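Student: Attaching a predicted model along with its sequence, questions to come.
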Amino acid sequence: MINGLEVIEVENITRRGSYLTDTGLGSWLFTTDHKRIGLLYLFTIIFFFSIAAVAAAAMRLNLLTPRGDLVQAETYNKLFTLHGVLMVWFFLIPSIPSVLGNFLVPLMIGARDLAFPKLNLLSWYLFVIGGLVALYALLVGGVDTGWTFYTPYSSTYSNTHVVIMALGIFISGFSSILTGLNFIATIHKMRAPGITWFRLRLFLWSLYATSVILVLATPVLAILLCLLAVERVFGVGVFNPALGGDPLLFQHLFWFYSHPAVYIMVLPGMGVVSELVSAFSRKRVFGYKFVAFASMAIALLGFLVWGHHMFVAGQSVYSAATFSILSYLVAVPSAIKVFNWTTTLYRGSIRLDTPMLYAVGFIGLFAAGGMTGLFLAALGIDVHVHDTYFVIAHFHYIMVGGMVTAFMGGLHFWWPKITGRLYPEFFGKLAAIIMFIGFNLTFFPQFLLGYLGMPRRYHAYPDQFQVYNVLSTAGASILGVGYLMPLIYLIWSVKYGKKAGPNPWDAKGFEWETDSPPPTHNFEVIPVQIEDPYNYPPIS
Amino acid sequence: MAQTQTAGLQEQFEDLTQQRETSNLGMWIFISTECLFFGGLFLAFTVLRHAYPVGFATAARHLDLLSGIAGTVALLASTLAMSIGLAALRNSDRFLSFLACFGTLACGLIFLGLEGSEYFRAWHEHLVPGGSFQFIGPEAGHVQMFFLLYFVMTGFHALHLTIGLGVIVCMMLLIMINRLHAERYGPLQVAALYWHFVGIIWTLLFPTLYLLGGR
Ligand SMILES: [Cu+2]
């Protein structure tokens, strides 16, 4: 019986063809299909993630001993720069938007493709070219400035390949801009009949907010890197005080981009978690409008808080106080989201499948990361913990505990849609739990280290910090296992996983109404939205 | 696909109106990106000019005001021609539209020529930052700083302008082979938006660089 059904299904799919039917290399490299471009991004970011993860592993190994026996100080500087640059610009920023967003935006709004499919392909090529240029900087000797490129060290004193690395980031920035532009235009103009703004999925609201940041913040980074490069090449001051430049100008422009960029790296994760929490408690998201507007509020307020990175850099007391208060304000919409997710769970019919484990993990880790952010927004405490491991732990709770966890949750949730196959549930749950334990063991000790005063970016440290560093390194090895497992069983599932069918989770949404994997143009007939999203039947 | 294919309609859109509106929106979003891109430059210039008013004023007096004014007039004329070109196309006057686009192209080239001669003169007077820079006086360092920003700002503007000229050539070809006409004027509208933005940036650059120098 089951075999019979499968045969019919296979026939259906081969008759109609899915977006994966063509297999030639050219059909991938010249595709304008948003689903294929999403997959191209997936392969690319896994590649960069692996390199950046190796750099992190080398750092953690080095920090096992107080003397830093594994690498020299210079090498250590290059390792953390590489780790930061690749993780931020070549993994986190494109992770959910460019992979899941590319795949899902047209499916969720009932369109055949994004508004500008060719620009979408161009953005992937720009991303790859930018990444290759950054790797070239690594191969010819690396960069030792840290991912923040603070001047005048980066523009005058560093003897490493700053300009090449900056060029790589500059190029990949245009890939971000094009992706953001595409999403905004698509969400505005290509919604299927019946999808009003308040019937828009929350994942799309969060991507919309993210896209606003991508479009408005990234160009500032681009021009900043240009000015850095001309100062370095021509030896004329813009940022270097010895040449008459203004080093604070660099920091202002850098954080004008890089603080909003933090929200590029977490808003899409929040969107995924809204979807997961609703689907696995089989309930409408509590306070839909609040969650939607919270995304926009975070995007807009996020542009006004960059000065909290410069409390000890010499800005005036008044601007520091203003930035501090504004930073507290951003916590409000973030907290609204956490409360709404939690309230959605209340009296829901909760199923703890793998994606939901990740979602619940996200809520806890994000809350921890967010609240320690308040410590850093406080003027007095920041002076104590500035540039210590406390900061490292804080933003890894957001970036890894938040975004990577959400990315894994989303990847598992939509994997059956992407590939048409189910992954092995047992290993999925196991990996999710291992990742949660490994993550906390890696980064919780770093809160303590920072509070006790261990500064970041040193390859050696006083003896009394060793216990926490050993704990952290042990945690990193567990975390590594947690990352390797999905890599293996997800690849395995592409060939051997059970057939998923159109809607394995029995979830709401246009993407679950079409085949798995979807046909090239997504829908046989453009669907019509006749009810609110997340309109699950009442729980008896 | 079941429905009959409209000429020039891309498969992701339902009709030409949706396609045109979406392209327009895309260009507006791109322009907002560009505003922030140039905004960073204007901010850097303003901060440093505020720090070194004398040096920047000295340097600005080495720019040729007449050439700057002539360039501004040429660029404003080109945006007028562009508006005429778009209006003509929408009124089914393809010939006038082609002619107006040619006018835009010519004015743009005049602007580039004037700017090129400014660059040449700066090079001749050893005002290009770097090894060949020579300036006698106490403000030499700040004069060099001004010219660094001058070249970066006008250079990026000229790059945008050159891309715009390429786009206009494409538009002229499309008008010639009747791919753009009164029913399908979207691409020219998008190109015109971009061109006007390039013009607006110059109307901000011109006073910032030429006129705020204490003349
Ligand atoms: Cu920040």
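Tutor: That came in fine, so what should we check first? Keep in mind that what you see is a predicted model, and the values were worked out from it rather than measured. Residues are numbered from 1 along each chain as shown, chains lettered A, B, ... in the order given.

Student: List the contacts of residue 194.
Tutor: Because you didn't say which chain, this covers chain A. A:528, A:529, A:530 (C-beta atoms under 8 Å, 6 or more residues apart in numbering or on different chains). Bear in mind the C-beta positions are built from the backbone N, C-alpha and C, glycine included.

Student: look at chain B instead
Tutor: B:27, B:30, B:31, B:164, B:167.

Student: Just to check, residue B:212 is in contact with residue B:59?
Tutor: No. Using C-beta atoms under 8 Å as the test, residue B:212 is too far from residue B:59 to be in contact (11.3 Å).

Student: These two: which has the busier surroundings?
Tutor: Taking other C-beta atoms under 10 Å in any protein chain shown, residue B:212 and residue B:59 do not tie; residue B:59 has more neighbours (25 against 15).

Student: follow-up on the earlier one: which ones among the contacts of residue B:194 also lie next to chain A?
Tutor: residue B:30 (C-beta under 8 Å from any C-beta of the partner chain).

Student: Among the contacts of residue B:194, which ones are in helices?
Tutor: Applying DSSP state H to those, the entries found in helices are B:27, B:30, B:31, B:164, B:167.

Student: In which helix or strand does the closest residue to chain B within the stretch 1-150 of chain A reside?
Tutor: Residue of the stretch 1-150 of chain A nearest chain B, by C-beta to the nearest C-beta: residue A:113 (4.0 Å). Using DSSP states H and E, residue A:113 sits within no helix or strand.

Student: List phi and psi for it.
Tutor: For residue A:113, the backbone dihedrals (degrees, to the nearest 10) come out as phi -160, psi -180.

Student: residues near it, how many?
Tutor: 24.

Student: Now do the contacts for it.
Tutor: A:32, A:33, A:34, A:106, A:521, A:522, B:11, B:12.

Student: same deal with residue B:13?
Tutor: A:190, B:19, B:22.

Student: Could you check how far it is from residue A:38?
Tutor: 21 Å (C-beta to C-beta, to the nearest Å).

Student: re earlier: looking at the contacts of residue A:194, state which has the most neighbours.
Tutor: Going by other C-beta under 10 Å, residue A:529 tops those with 19 neighbours.

Student: helix, strand or coil for that residue?
Tutor: Here residue A:529 is coil, with the state taken from DSSP: H, G, I helix; E, B strand; the rest coil.

Student: Could you verify my assumption that it touches residue A:200?
Tutor: No. Between residue A:529 and residue A:200 there is no contact under C-beta under 8 Å: 9.4 Å.

Student: name the helices or strands packed onto the strand or helix carrying residue A:207?
Tutor: Counting by DSSP H and E, the element that carries residue A:207 is helix A:202-234. On a contact count with 3 or more C-beta pairs under 8 Å, 6 or more residues apart in numbering or on different chains; DSSP states H and E, helix A:202-234 meets helix A:102-109, helix A:162-189, helix A:247-264, helix A:267-281, helix A:288-301, helix B:16-51, helix B:140-176.

Student: Next, the angle helix A:162-189 makes with the third one.
Tutor: With axes from the mean of the first three to the mean of the last three C-alpha atoms, to 10 degrees defining the directions, helix A:247-264 sits at 40 degrees from helix A:162-189.

Student: just the angle between helix A:247-264 and helix A:267-281, please?
Tutor: 20 degrees.

Student: Helix A:247-264 - what's its average pLDDT?
Tutor: Taken as a whole, helix A:247-264 has a mean pLDDT of 96.

Student: cool, the first one as well?
Tutor: For helix A:102-109, mean pLDDT is 96.

Student: And the contacts of it?
Tutor: Here helix A:102-109 has contacts from A:34-35, A:37-39, A:41, A:111-114, A:120, A:179, A:183, A:186-187, A:190-192, A:195, A:200-201, A:203-204, A:207, A:414, A:417-418, A:509-511, A:514, A:518, A:522, B:12, using C-beta under 8 Å, 6+ apart.
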